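Trainee: Got a sequence here, can you model it:
(chains A and B)
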2 protein chains.
Amino acid sequence: MTATLGRPSDIPALLRNCRDAVTPALRAAVARLDTAGREQAEYHLGWVELDGSPGSGGGKAVRPALALLSARAAGAPEETGVAGGVAVELVHNFSLLHDDLMDGDRERRHRPTVWARWGAPSAILCGDAMLALAVEVLLEDPSPHAAAAAGLVAVTTRELVRGQAEDIAFERRADVGVDECLSMAAGKTGSLLAASAAIGAVLAGAPEATIRGLRDYGMAVGMAFQLVDDLLGIWGDPAVTGKPVLSDLRSRKKSLPVTFAVQRGGAAGRELAAWLARPGDPAEPELRAAAALVERGGGREWARAEARRQLDVADRALAGAGLVAAPRAELSALGHYLVDREF
Amino acid sequence: MTATLGRPSDIPALLRNCRDAVTPALRAAVARLDTAGREQAEYHLGWVELDGSPGSGGGKAVRPALALLSARAAGAPEETGVAGGVAVELVHNFSLLHDDLMDGDRERRHRPTVWARWGAPSAILCGDAMLALAVEVLLEDPSPHAAAAAGLVAVTTRELVRGQAEDIAFERRADVGVDECLSMAAGKTGSLLAASAAIGAVLAGAPEATIRGLRDYGMAVGMAFQLVDDLLGIWGDPAVTGKPVLSDLRSRKKSLPVTFAVQRGGAAGRELAAWLARPGDPAEPELRAAAALVERGGGREWARAEARRQLDVADRALAGAGLVAAPRAELSALGHYLVDREF
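Mentor: Predicted structure coming up:
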C-alpha cells in the first residue's frame, strides 16, 4: 500500500495511494453528519453528483497525503496519520464551503457550489459541522497525542480565518503592502499545508524539532504554491488552469505579484495602481497592458524568485528535521510537484 | 466567591458570581482573535458598543454558570469548570452569530447584529474563529480530561447544526410532526445546555453516571426552557419578552405548541393549519384568533404540562447522579428559575 517514490513524475500515483488510504475513514466520518449535511458534504467532496449518480471523485487530496507522509517521516506507520489526514481534509473543505459563499463563487470545478445549489444556510451549517467533525475524529484516535493534534487543527482554523478576513479587507484597500499580502497568504494557504505536513508526526509523538521542521516545510510549500497560483492567475494558460485568461487581473485581485509591482515597481507600479483604481470591465488588450505593467514593475520576476526561494526553504527544513529518508524524499518531491507548474 | 444558594430568588446573584468567575478567562481567550474578529466578538458579547464605549454587558451567562456548578456538583472546585464555561459560552455565541445571519435577524438585544453591522462574511468568520477557540481553550486546560471535554463540545456543535438545519427545513414543510419538532428543539436548545451542565464534571473526571445525570438534567431543562419560550412567543407580555405581541404567530413559526395543535388538535388544528398556509400579513385580531386555535387545539395546555414534566425529569436526573448537595440544590433552583417564567 505504501508507495515509496522519490521522483516528481511518480507523485500522481503517490497521491492516489494516499487518497485511497484515507478515504474509508473520511467516508465513515462524513456518514455521521445529519441527513442534509451528509448529502451536501458528499456532493461537495465529489462523491455524488447532483442527480444522485456517483461522482467523479474530488480533488487531489494533497493535505491527507502530507499527513500520511508526515507520520512515516517521523518513523511511524502510515496508519498513524490517517485520522490527521481525515481532519485536515475536513478543515480544508469547511473553509472551501464558507469561502465560496463569502466570495460569491457559484461554481467550483465546473459544478454549482453548495450555497448556489442549497442556499447560504446550508453552506454555513455544512461547513460548521465539518469543522466540528474534524476535531471529533482526532479526539477519538487512540494516539496519546490526539489532543495535541486537535489543538493544532484549532489553532490552524483561526489562522485560516485570519487569512480570509485579511483577503476580504484588502479588496477595499489600495495601500496593501507586500508583507501584509505575504502574511495573508501564510494564513489562507500556508497554515493548513503546514499543519497537514506536521499532523502525522504529532500523532506519532515525534520530537518538537521534527514537528517544527515539518511545519516549516509545509508553510514554505504553501507560500511557493500561492506565488505560483498568483502567477498562473495572470499568465496561466486557460486550458491548463481552467480559469479565464488573465482572470486575476479581470477581477482586480491584489495578488502577490500585483502587490509587489504596485508597492515596489516605480513608475510602472504607479501606473498599475491607477489602473486598478479605475472602475470598468476591461477588454483583453487592456488586461494584457496591465499584465505588462506587473511585469515591468518586477512582480513576475519577484514572484518566480520568491517561489524558488521558498522551495529551497522547504527542502532545508526537511533536511534539518531528522526524518526517515524515503518519506522525506517523497515530501520533497511532492513540494516540487505542487510548485513546478509552468511559471 | 462561590455562592451557595438554593432558592430561585437568589439565582440572579448566583449567575452574576459565575459570570464574574468566567469573564477574565473568556476575555483573555477573545483577545487572541484576529483584529477584526476580536472587535466583532467584543461587540457581539456586549463588552463594547458600536461607538467604542464600554458595553452594558452581555447575556445572563447561564451556560458558564451550569459549567461551574457541574464541577462543584462533582466534588471539584469551581475553578475546574472555568475552561468549560469559556468553551460553552464561545460555542453559544458562535451559534448566535451564524443563526442571526441565516435567520436574517438584523437586531439582537436591540442592537444591530454582527452581520447587519459588518456584513455576512464577518459573521461567518467571527463565528468560525469562536468555535475553533472553544476547542483550543479546552485543550490547553491542565485537566487530564480536557480532551474528553473538547470531544463533548465537538459532538454538541454537530447537534446544534442538526437542530438549526431542521428548524430551517421545517419552515418549508406543512407536515412537521410533534416528535420531529421535539428532536429539533433537543438539538437547537437542549444539546448545549446538556453539555454545559456536564462539562465541569467531565473536566473533574467524574464517573460516567454522574456525567450522564448532569447531561440528562441539562437536556430536560433545555426542553422545558424551549417549551416556555414558545408559549411566551404567543402569549408573552411584550414588555417582558422584548418581542412584539404574538410574534411567533406573526412569523408563522412552527413552534412546539403550534405543531402540537396542528397535529393533534382535531378541527381546531385543521383550521390552524389552513391559516398557517395562507399568505399575508395579518392584523392583531386575526393573530388572536390563531392563538385561540392553538389553545383550542390543546397546544397551550400540552406545552405547559410538558414543561412541568421536563422539570421533574431534570430534578430526578439530579437526584440519581450522586452529586454534592449544595451545588445540586443550586442546579435545581437554576432550572426552575429558567423555566418558571410567567406561562
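
Trainee: low-scoring stretches of the stretch 1-150 of chain A, by residue?
Mentor: Within the stretch 1-150 of chain A, the stretches with pLDDT under 70 are A:1-9.

Trainee: Now with 50, please.
Mentor: A:1-6 (pLDDT under 50).

Trainee: how about the residues of it near chain B?
Mentor: A:32-34, A:36-37, A:94, A:98, A:101-102, A:120-122, A:124-125, A:127-129, A:131-133, A:135-136, A:139-140, A:146-148, A:150 (CB under 8 Å from any CB of the partner chain). In this view, the C-beta of every residue, glycine as well, is placed from N, C-alpha and C.

Trainee: Just those residues: which are in helices?
Mentor: If you go by DSSP state H, the residues of the stretch 1-150 of chain A next to chain B have A:36-37, A:94, A:98, A:101-102, A:120-122, A:124-125, A:127-129, A:131-133, A:135-136, A:139-140, A:146-148, A:150 in helices.

Trainee: which among these end up buried?
Mentor: Buried members of those, scored by 16 or more other CB atoms under 10 Å in any protein chain shown, are A:36-37, A:94, A:98, A:101-102, A:120-122, A:124-125, A:127-129, A:131-133, A:135-136, A:139, A:146-148, A:150.

Trainee: Within range of chain B, give me the residues from the stretch 151-300 of chain A.
Mentor: Within the stretch 151-300 of chain A, the positions adjacent to chain B are A:151, A:153-155, A:157-158, A:161-162, A:164-166, A:168-169 by CB under 8 Å from any CB.

Trainee: Let me see the contact set for A:Arg27.
Mentor: A:Trp47 (CB atoms under 8 Å, 6 or more residues apart in numbering or on different chains).

Trainee: Just the angle for the helix or strand where it lies relative to helix A:120-140, thanks.
Mentor: Using DSSP states H and E, A:Arg27 sits in helix A:11-30. Interaxial angle, helix A:11-30 versus helix A:120-140 (axes from the mean of the first three to the mean of the last three CA atoms, to 10 degrees): 100 degrees.

Trainee: Can you list the buried residues in helix A:11-30?
Mentor: A:11, A:14-15, A:17-19, A:21-23, A:25-26, A:29-30.

Trainee: got the CA positions of it in CSV?
Mentor: Taking Å, rounded to 0.1, in the frame of the first residue of the first chain, the C-alpha atoms of helix A:11-30 are listed here in CSV:
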residue,chain,number,x,y,z
ILE,A,11,3.6,11.8,-7.4
PRO,A,12,0.2,11.3,-9.0
ALA,A,13,0.5,7.6,-8.0
LEU,A,14,1.6,8.6,-4.5
LEU,A,15,-1.4,11.0,-4.2
ARG,A,16,-3.8,8.3,-5.4
ASN,A,17,-2.4,5.8,-2.9
CYS,A,18,-2.7,8.3,0.0
ARG,A,19,-6.2,9.2,-1.0
ASP,A,20,-7.2,5.5,-1.1
ALA,A,21,-5.7,5.1,2.4
VAL,A,22,-7.7,7.9,3.9
THR,A,23,-11.0,7.7,2.0
PRO,A,24,-12.6,4.9,4.0
ALA,A,25,-12.1,6.8,7.3
LEU,A,26,-13.2,10.1,5.7
ARG,A,27,-16.4,8.4,4.3
ALA,A,28,-17.2,6.9,7.7
ALA,A,29,-16.8,10.4,9.3
VAL,A,30,-19.0,12.1,6.7
